[in-house]
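J.: Need the 3D shape of this:
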Amino acid sequence: MTRNRNLKQRVRARAAKTGESYTSALRHIRQSLPQRTDPGARSIRIAVAQTTLFNDPRDVDGLRASGCEIRCMMREAHDAGARLVHFPEGATCSPNKRIMSSQGPRDIGPSDWDRFEWAVLREELDTTRRLARDLGLWAVLGSVHRLTPPHRPHNSLYVLSDLGELVTRYDERMLSNTKVSYMYSPGLMPVTFEVDGVRFGCALGMETHFPEIFLEYERLNVDCMLFSTTGESTVNASAFAAEALGHAASCWCWVSFSAHAPQSRVAPSGIAAPDGSWAAQCRCDGTPSLAVATVEIDPAHPARPWRRTARGGIYDPHQAKDDPRSESRNSF
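T.: As a prediction, the model looks like this:
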């Protein structure tokens with residue numbers, strides 16, 4: 001916290017002296033800071049959030065309240081010394097399939113996206129982006145991303161930098177049957193970005209069910225996965241949390257698991273360490289909360305290199321070839 005406060009004071013002093021914007025002054029000062037040269041010293045403090053579920057995009061007050069809660073948690077994360085805060089899928093709004101259905105609410109049909117208060121969402125996102133700049137905080141949050149009609153929108157994660165810039169966007173690829181049939185366009189590619197030398201990857205929705213997604217990011221040398229889901233109910237919560245721990249252990253990476261507050265009574269949001277244990281978890285009482293942990297990267301650890309070697313055919317020369325006529329398979 002002291003380091004962040006001193007940095008902000010230097011930025012404001014430069015801006016006052018040169019007449020630059022806060023963003024320009026921050027960029028110049030960051031470029032002048034000494035760069036880390038010890039690859040073993042990479043670490044970053046991150047926060048994971050579980051938030052209130054807002055699922056009606058027609059509700060202007062709900063969209064405003066959602067934005068307000070996100071920004072309140074950003075300030076809390078900043079005060080806790082976090083450099084990045086991670087939010088659930090649909091943190092701004094996670095549209096309910098029955099509310100959106102043009103044939104609903106009883107029947108599920110194609111979503112009517114004209115029901116969404118897009119202008120209000122844009123205003124809230126712009127306000128959130130400016131706060132990220134003011135706090136010098138990275139924020140990764142779930143939102144619907146509008147495409148040009150008649151294309152359906154993407155279900156996305158926005159990555160906002162500490163300069164208040166939208167640096168990239170991840171679009172959910174492995175959509176559920178309802179999502180791909182009636183609601184969203186699937187994404188096309190993995191997305192990575194770096195903060196303080198730590199590489200992050202993004203996954204969304206039900207993608208924790210697909211180990212190939214996490215193995216793909218392992219091959220991209222991701223240090224920490226940011227997985228966001230809705231957590232509208234507790235039905236699948238235990239499986240999602242168990243999978244997050246399993247991917248952390250099998251890929252030897254950190255996994256931040258963020259969902260909405262209702263599921264926290266079964267599986268609260270949390271940050272999983274590479275050993276498959278929870279380094280930090282949010283409250284398990286169904287209320288919004290935040291958890292913070294320091295992600296530490298040890299590039300000298302042998303787990304990931306050895307697993308890559310093991311998958312590369314190292315065992316083939318050592319295999320004993322049984323004679324198919326032998327009876328040894330059926331005897332001790």
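
J.: What residues does the residue nearest to A303 when sequence neighbours are not counted make contact with?
T.: Counting by C-beta to C-beta, 6 or more residues apart in numbering, A303 lies nearest to W252, which is 4.2 Å off, once chain neighbours are set aside. Just so you know, the C-beta spots here come from the backbone N, C-alpha and C atoms, and that holds for glycine as well. W252 sits next to E218, P274, H301, A303, R304, R307 when contact means C-beta atoms under 8 Å, 6 or more residues apart in numbering.

J.: roughly how far apart are the second one and S161?
T.: Just to be clear, that refers to P274. Applying C-beta to C-beta, to the nearest Å, the value for P274 to S161 is 26 Å.

J.: returning to that earlier point: quick one: the residue nearest to A303 from W306, how far?
T.: Using C-beta to C-beta, W252 is found at 9 Å from W306.

J.: Kindly report the same for R106.
T.: For R106, the distance to W306 - C-beta to C-beta - is 54 Å.

J.: Quick one: the strands in the protein, in order.
T.: Counting by DSSP state E, the chain has strands at residues 43-50, 84-86, 138-145, 154-160, 166-171, 192-195, 198-204, 224-228, 254-258, 270-272, 278-281, 289-296.

J.: for those, which one sits closest to N96?
T.: Smallest distance to N96 across the strands of the chain (C-beta to C-beta): 12.1 Å, for strand 138-145.

J.: what about the residue nearest to R304 when sequence neighbours are not counted, distance to Y217?
T.: Excluding the flanking residues, the one nearest R304 by C-beta to C-beta, 6+ apart is W252, at 4.5 Å. W252 sits 12 Å away from Y217, going by C-beta to C-beta.

J.: Point out where the chain drops to low pLDDT.
T.: Where the chain drops to pLDDT under 70, the residues are 1-8, 23-24, 27, 29-41, 322-332.

J.: longest helix anywhere in it?
T.: The single longest helix within the chain, with elements called by DSSP state H, is helix 60-79.

J.: got a list of what the nearest residue to E216 once chain neighbours are set aside touches?
T.: Among residues not flanking E216 along the chain, P190 sits closest, at 5.7 Å (C-beta to C-beta, 6+ apart). P190 is in contact with Y170, G201, C202, I213, E216, Y217, L220, counting by C-beta under 8 Å, 6+ apart.

J.: Next, count neighbours for the fourth one.
T.: Using other C-beta atoms under 10 Å, I213 has 21 neighbouring residues.

J.: which non-adjacent residue is nearest it?
T.: Closest residue to I213 apart from its sequence neighbours, by C-beta to C-beta, 6+ apart: E207 at 4.9 Å.

J.: Looks like the one you found contacts F227 (just checking).
T.: Yes. Between E207 and F227 there is a contact at 7.1 Å, judged by C-beta atoms under 8 Å.

J.: So which of the two has more stuff around it?
T.: F227 (29 against 25).

J.: where's that one relative to S21, distance?
T.: Using C-beta to C-beta, one gets 35 Å for the distance from F227 to S21.

J.: Next: S250.
T.: Using C-beta to C-beta, S250 is found at 45 Å from S21.

J.: out of these two, which sits in the more crowded spot?
T.: S250 (16 against 11).

J.: Next up, the contacts around the more buried one.
T.: By C-beta under 8 Å, 6+ apart, the residues touching S250 are P211, F214.

J.: What sits closest to E243 if chain neighbours are left out?
T.: Spatial nearest neighbour of E243, excluding adjacent residues (C-beta to C-beta, 6+ apart): T208 at 4.3 Å.

J.: What's the local residue count around that neighbour?
T.: Neighbours around T208, by other C-beta under 10 Å: 26.

J.: residues in contact with it?
T.: Counting by C-beta under 8 Å, 6+ apart, T208 touches F214, F227, T229, F240, E243, A244, H247.

J.: just checking, the third one touches A203?
T.: No. Assessed by C-beta under 8 Å, T229 is found out of contact with A203, at 9.0 Å.

J.: and the spatially most central residue of the chain, how far is that from Q319?
T.: Nearest to the geometric centre of the chain sits L226, at 3.1 Å (C-alpha atoms, centre = their mean). For L226, the distance to Q319 equals 39 Å [C-beta to C-beta].

J.: who's more crowded, R106 and W306?
T.: Neighbours were counted for R106 and for W306 using other C-beta under 10 Å; W306 has more, 12 against 7.

J.: coming back round to it: going through the contacts of W252, which ones are buried?
T.: Neighbour-count burial (16 or more other C-beta atoms under 10 Å) applied to the contacts of W252 gives E218, P274, R304.

J.: ok, the residues you listed vs P186, which is closest?
T.: Comparing these against P186 with C-beta to C-beta places E218 closest, at 21.8 Å.

J.: dump the residue contacts of that closest one.
T.: The neighbours of E218, taking C-beta under 8 Å, 6+ apart as the test, are C251, W252, C253, R304.

J.: If we use 10 Å, what do you get?
T.: Counting by C-beta atoms under 10 Å, 6 or more residues apart in numbering, E218 touches G201, P211, M225, H247, S250, C251, W252, C253, R304, R307, R308.
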